[in-house]
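Asker: 3D, please:
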Amino acid sequence: MSLALASDLVLASDKAFFMLAFTKIGLMPDGGASALVAAAIGRIRAMRMALLAERLPAVDALAWGLISAVYPAEEFDAEVDKVLAQVMAGPAVAFAKTKHAINAATLTELDGALDREYVGQSILLAANDFREGTKAFQERRDPAFTDA
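Answerer: Now for the predicted structure:
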């Protein structure tokens, strides 16, 4: 999901869903997700997504402001082509300046978030909970986390 949220426009099929599943295997969001998700949908909803790792249907992701648009699955490719054509025909320099201004105003914490995610993830990757989480995932069972 971090890669999608780093994009300028996030388009989804009505059959898509979004989730931050990291905690299910004893990890934390990375790839800037701790900043990108919170910037898009606010702290409370970001906490819910990160801590509970629930599936968020595309229509709800749109309502929350996480994505730009939702299209019926059978029309998705054609709709993406329309958006792509509109962007490609647009004023490239004005788009670049607009993107820079919006990102500078809304993603002030991205560099710090990436640093915090790197430190946190490095610790978590060496923890017992990560080993248990990945083993449980492979065995298709609920994990029994023990780290405190």
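Asker: run the chain-centre distance for the helix-or-strand element of the chain with minimal mean pLDDT.
Answerer: Lowest on mean pLDDT, DSSP states H and E among the helices and strands of the chain sits helix 2-5, with a mean of 87. How far helix 2-5 lies from its chain's middle: 5 Å, per C-alpha atoms, centre = their mean, to the nearest Å.
Asker: how about that helix: buried residues?
Answerer: By 16 or more other C-beta atoms under 10 Å, the buried positions in helix 2-5 come out as 2, 4-5. C-betas here are computed from N, CA, C, even on glycine.
Asker: against Ala92, how distant is the nearest residue to Ala69 once chain neighbours are set aside?
Answerer: Among residues not flanking Ala69 along the chain, Leu11 sits closest, at 5.1 Å (C-beta to C-beta, 6 or more residues apart in numbering). Relative to Ala92, Leu11 is positioned 20 Å away (C-beta to C-beta, to the nearest Å).
Asker: which one's more surrounded, the two?
Answerer: Leu11 (18 against 10; other C-beta atoms under 10 Å).
Asker: so who does that one touch?
Answerer: Contacts for Leu11 (C-beta atoms under 8 Å, 6 or more residues apart in numbering) come out as 67-71, 76, 79-80, 83.
Asker: re earlier: partners of the helix or strand following the least confident helix or strand of the chain in the sheet?
Answerer: Counting by DSSP states H and E, the element after helix 2-5 in chain order, helix or strand, is strand 11-13. Here strand 11-13 is paired, per DSSP bridges, with strand 69-71 (parallel).
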